[in-house]
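In: Give the three-dimensional model of this entry:
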Amino acid sequence: MDFQRFKYMYWLFLLTGLLLFLSAEISSQELSTKDLAESDWVLPVTGELDLQKLDDYIKESMPEWNIPGMAIAIVKNDTVVFAKGYGVKEYGEEGNVDANTQFSIASITKGFTSTAMAMLNDEGLVDWDDHVQKHLPEFSLDDPYVSKEIRIRDLLCHRSGLETFSGDLLWFGTDYSREEVIRRARYLKPEHGFRFHFGYSNLMFLTAGEIIPKVSDVSFGDFLEMKILHPLKMSNTYFSVKGDNIAMPHYVDPLSGEVQVLPHLDLDNIAPAMGLNSSVMDLTH
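Out: Numbers count the residues shown, from 1 in each chain. A predicted model of the protein is given here:
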């Protein structure tokens, strides 16, 4: 794979959840006057959505952003008031997106991992201030003090001292296992002081996810299925590509300006950070 295409694929999978997926909760009580003034699909005074204007806006905007397909769901007061797919699942091919089309939800997966950890904290199996090495004795970073002192909450707060996205080339497009990716994190040089700076880290969320099987005696994927996905009836959410109602990844070639289709990547080695595929209807649950 040439380096330019590699970069595009990398950024695509980091931003998929933002570019190809939108699920929002809207409450009229929470809309400010400024919000209302800037949103011409929100009716003044009442704060109610004009869904037809919103629908028209989405259709008009997609070509401007070169988006082949997307889906949106809006939840208000625990009720789905809007759910619809737009465009196609694969550029140049037939097959329309609908509200049940799966997209890679990328880093939205982190919310599931954090929720799982909170459940374990409630059950007394972990504490937010547990040292990471208590559960993963082999875990180590470049600095021996940080390796010994870093806690579970530090992993989830992105304050390990690593630069944003540091170490992502350890998992992206490699055949390293989760364990090997975490082992190699010790060779990454920190950019900031420990707990002094925010540095978005997929590797630290991977590490948090790997604590879950250590304390629950079930795999990370099985824990999410049993504790979150099944109870919420999220039957269209997976850690793998399943079925034929799934959108392909895309990117825009900066030279030609043409939309290009990309293959799905195997994200098992970074699953706790960005491995889930889901649909907007499943996420409304």
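
In: was I right about Asn277 contacting Thr237?
Out: Yes - if you go by Cβ atoms under 8 Å, Asn277 and Thr237 touch, sitting 6.9 Å apart. Using the backbone N, CA and C atoms, a C-beta is placed for each residue, glycine as well.

In: Overlap in contacts, the two.
Out: Jointly contacting Asn277 and Thr237 under the rule Cβ atoms under 8 Å, 6 or more residues apart in numbering are Gln102.

In: Surely Ala116 touches Ile212?
Out: Yes - if you go by Cβ under 8 Å, Ala116 and Ile212 touch, sitting 5.8 Å apart.

In: Would you mind telling me which of the two has the busier surroundings?
Out: Ile212 (26 against 21; other Cβ atoms under 10 Å).

In: who are the neighbours in contact with Val80?
Out: Shown in contact with Val80 (Cβ under 8 Å, 6+ apart): Ala73, Ile74, Met281, Thr284.

In: no no, Cys157
Out: Neighbouring residues of Cys157 by Cβ under 8 Å, 6+ apart: Phe198.

In: What are the contacting residues of the one helix or strand Gly111 maps to?
Out: Secondary structure assignment for Gly111, by DSSP states H and E: helix 109-122. With contact meaning Cβ under 8 Å, 6+ apart, helix 109-122 is reached by 126-128, 152, 156, 205, 208-209, 211-212, 215-216, 220, 223-224, 227-228, 271-276.

In: Just the buried ones among these, please.
Out: In the contacts of helix 109-122, burial by neighbour count holds for 126, 152, 156, 205, 208-209, 211-212, 215-216, 220, 223-224, 227-228, 271-276, counting by 16 or more other Cβ atoms under 10 Å.

In: any idea what Asn66 is structurally, helix, strand or coil?
Out: coil (DSSP: H, G, I helix; E, B strand; the rest coil).

In: One more: Glu60?
Out: Following three-state DSSP, we place Glu60 in the helix state.

In: What is the neighbour count of it?
Out: 9.

In: quick one: contacts for it?
Out: By Cβ under 8 Å, 6+ apart, Glu60 has no neighbours at all.

In: any idea how far Phe239 is from it?
Out: 35 Å (Cβ to Cβ, to the nearest Å).

In: if we can go back for a sec, for the helix holding Gly111, list every residue counted as buried.
Out: Neighbour-count burial for helix 109-122, counted by 16+ other Cβ under 10 Å, picks out Thr109, Lys110, Phe112, Thr113, Ser114, Ala116, Met117, Met119, Leu120, Asn121.

In: What of stretch 243-260?
Out: Asn245, Ile246, Ala247, Met248, Pro249, His250, Tyr251.

In: Same check on stretch 83-92?
Out: Applying 16+ other Cβ under 10 Å to stretch 83-92 flags Ala83, Lys84, Gly85, Tyr86, Gly87, Val88, Lys89, Glu90, Tyr91 as buried.

In: Residues in contact with that stretch: which ones?
Out: Applying Cβ under 8 Å, 6+ apart, the external contacts of stretch 83-92 come out as 55, 58-59, 62, 67-74, 94-101, 245-248, 250, 259-261, 280-281, 284.

In: follow-up on the earlier one: farthest pair within the contacts of Val80?
Out: Across those, the longest distance by Cβ to Cβ is 11.7 Å; it joins Ile74 and Met281.

In: For the host helix or strand of Met281, which outside residues touch it?
Out: Assigned by DSSP H and E, Met281 belongs to helix 280-283. Here helix 280-283 makes contact (Cβ under 8 Å, 6+ apart) with 21-23, 71-73, 80, 83, 99-100, 105, 108, 234-237.

In: And the residues you listed, which of them are buried?
Out: Listed as buried from the contacts of helix 280-283 are 21, 23, 71-73, 83, 99-100, 105, 108, 234, 236-237; burial here means 16+ other Cβ under 10 Å.

In: Just give the closest residue to the residue most central in space within the chain, not the sequence neighbours.
Out: By Cα atoms, centre = their mean, the chain has its centre lying nearest to Ser107, at 1.8 Å. Once flanking residues are discounted, Ser107 sits nearest to Met274: 5.1 Å by Cβ to Cβ, 6 or more residues apart in numbering.
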